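*Asks:* Return atomic coordinates for the entry below.
(one chain, ligands or ions: 1)
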Amino acid sequence: MTLLRVENLAKSFKGLRAVDDVSFEVTEGSILGVIGPNGAGKTTMFNLVAGALRPDTGRVHLGGKEITGHAPHRITAAGMTRTFQLMRPFYSMTVLENVTVAVLAGGAAKRTAREAAAEVIARVGLDRWRDSPTEGLPTAALKRLELARALASKPRVLLLDEVLAGLVPAERAPVMELLERLRTEDGVTLVFVEHIMAAVMRLSDSVLVLDLGRVLTSGAPEAVTRDPRVIEAYLGEDPHAQA
Ligand SMILES: Nc1ncnc2c1ncn2[C@@H]1O[C@H](COP(=O)(O)OP(=O)(O)OP(=O)(O)O)[C@@H](O)[C@H]1O
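*Replies:* Numbers count the residues shown, from 1 in each chain. Model (predicted):
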């Protein structure tokens, strides 16, 4: 079943077509990877889908309901939330307090919010930092906190903006495993923007390639990354050519 449907989205900034007639569908329980060179429109597309920006034209449907142009909190309430590339937790609060705020913002009752937050914190493997101040946390823990804050509203669709950026390879593997478990065990549908191709290849059921605001191509990761247009526009060289 199609859970997220994006039709002909477009957004210009002072004449620059940042997102130009982008359409795609995401099946419930699947993982869509979004790739493309810097400036391709990936973050703008996320902002349009998640309600941070209003599209000039086009429509977004979540679970069959139109959510185009709705405010982010309404879209979160409808079951879709996103993480930010530039994380903005409340640095003066502890990890538990940060996630509790997100749980409350997601509409949970005050009485059970801390308990629900603690569960999410355990889910993302942040238990050892639970009562630590957010200020001074290592990047890997901050990335997990960003995930926890997004998961606090129990989304059906999670949009992840470069959740692996800034992590060393040894830190990436457990985050990728966590994302896989979110899909298989919690049934969360994932759309993730990522530059790290090994992650895109491993996690994605299908890949959407953006270039200059438009969809260059989409399909299975193997096929997409062999497409000469993708290699030319983004990859620079054939990733399969190397041993
Ligand atoms: N608020 C804005 N005002 C003006 N131009 C913008 C704005 N936001 C994005 N742009 C422009 O729109 C285009 C698409 O930017 P966007 O950040 O969506 O690309 P991206 O694919 O996410 O890039 P990256 O991989 O570097 O994050 C770029 O040319 C960018 O400079």
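
*Asks:* what does the top helix by length along the chain rub up against?
*Replies:* When the chain is parsed with DSSP state H, its longest helix is helix 169-184. With contact meaning C-beta atoms under 8 Å, 6 or more residues apart in numbering, helix 169-184 is reached by 29-31, 124-125, 140, 143-144, 147, 151, 158, 160, 163-164, 167, 188-190, 192, 196, 199, 202-203. (Each C-beta comes from the backbone N, C-alpha and C, glycine too.)

*Asks:* Apply 10 Å and report the result again.
*Replies:* Residues from elsewhere that reach helix 169-184, judged by C-beta atoms under 10 Å, 6 or more residues apart in numbering: 29-31, 123-125, 138-141, 143-144, 147, 151, 155, 158, 160, 163-165, 167, 188-190, 192, 196, 198-199, 202-203, 205.

*Asks:* Inside helices: which ones of those?
*Replies:* Arg123, Thr139, Ala140, Ala141, Lys143, Arg144, Leu147, Leu151, Ala198, Ala199, Arg202, Leu203.

*Asks:* Weed out the non-buried ones from these.
*Replies:* The neighbour count (16 or more other C-beta atoms under 10 Å) marks Arg123, Ala140, Ala141, Lys143, Arg144, Leu147, Leu151, Ala199, Arg202, Leu203 as buried among the ones in helices among the contacts of helix 169-184.

*Asks:* with these in mind, which one is nearest to the ligand?
*Replies:* Ranked by distance to the ligand (C-beta to the nearest ligand atom), these are led by Ala199 at 14.6 Å.

*Asks:* got a list of what Phe192 touches?
*Replies:* If a contact means C-beta under 10 Å, 6+ apart, then Phe192 has 31-35, 46, 83, 158-164, 179, 199-200, 203-204 as its contacts.

*Asks:* Likewise for Val60?
*Replies:* Taking C-beta under 10 Å, 6+ apart as the criterion, Val60 is in contact with 4-7, 9, 48-51, 66-70, 75, 80.

*Asks:* 8 Å - rerun?
*Replies:* Val60 is in contact with Leu4, Arg5, Val6, Glu7, Leu9, Leu48, Val49, Glu66, Ile67, Thr68, counting by C-beta under 8 Å, 6+ apart.

*Asks:* Can you name the residues of this structure sitting close to the ligand?
*Replies:* Residues of the chain found near the ligand (C-beta under 6 Å from any ligand atom) are Phe13, Leu16, Ala18, Gly36, Asn38, Gly39, Ala40, Gly41, Lys42, Thr43, Thr44.

*Asks:* Could you rerun that using 8 Å?
*Replies:* Taking C-beta under 8 Å from any ligand atom as the criterion, the chain approaches the ligand at residues 13-14, 16, 18-19, 36-47, 53, 85, 161-162, 193, 195, 210, 213.

*Asks:* Which stretches in the chain count as strands?
*Replies:* Applying DSSP state E to the chain gives strands spanning 2-13, 16-27, 31-35, 57-62, 65-66, 80-82, 157-161, 189-193, 206-211, 214-219.

*Asks:* can I get these in a markdown table with mean pLDDT?
*Replies:* Below are the strands of the chain laid out as a markdown table (pLDDT from 0 to 100):
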| stretch | mean pLDDT |
| --- | --- |
| strand 2-13 | 98 |
| strand 16-27 | 98 |
| strand 31-35 | 97 |
| strand 57-62 | 98 |
| strand 65-66 | 97 |
| strand 80-82 | 95 |
| strand 157-161 | 96 |
| strand 189-193 | 97 |
| strand 206-211 | 97 |
| strand 214-219 | 97 |
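
*Asks:* want to try JSON lines for the ones you listed, with distance to Ala173 as columns?
*Replies:* As requested, those are exported to JSON lines (distance: least, C-beta to C-beta, whole Å):
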{"stretch": "strand 2-13", "distance to Ala173": "27"}
{"stretch": "strand 16-27", "distance to Ala173": "25"}
{"stretch": "strand 31-35", "distance to Ala173": "16"}
{"stretch": "strand 57-62", "distance to Ala173": "31"}
{"stretch": "strand 65-66", "distance to Ala173": "36"}
{"stretch": "strand 80-82", "distance to Ala173": "23"}
{"stretch": "strand 157-161", "distance to Ala173": "16"}
{"stretch": "strand 189-193", "distance to Ala173": "15"}
{"stretch": "strand 206-211", "distance to Ala173": "20"}
{"stretch": "strand 214-219", "distance to Ala173": "26"}
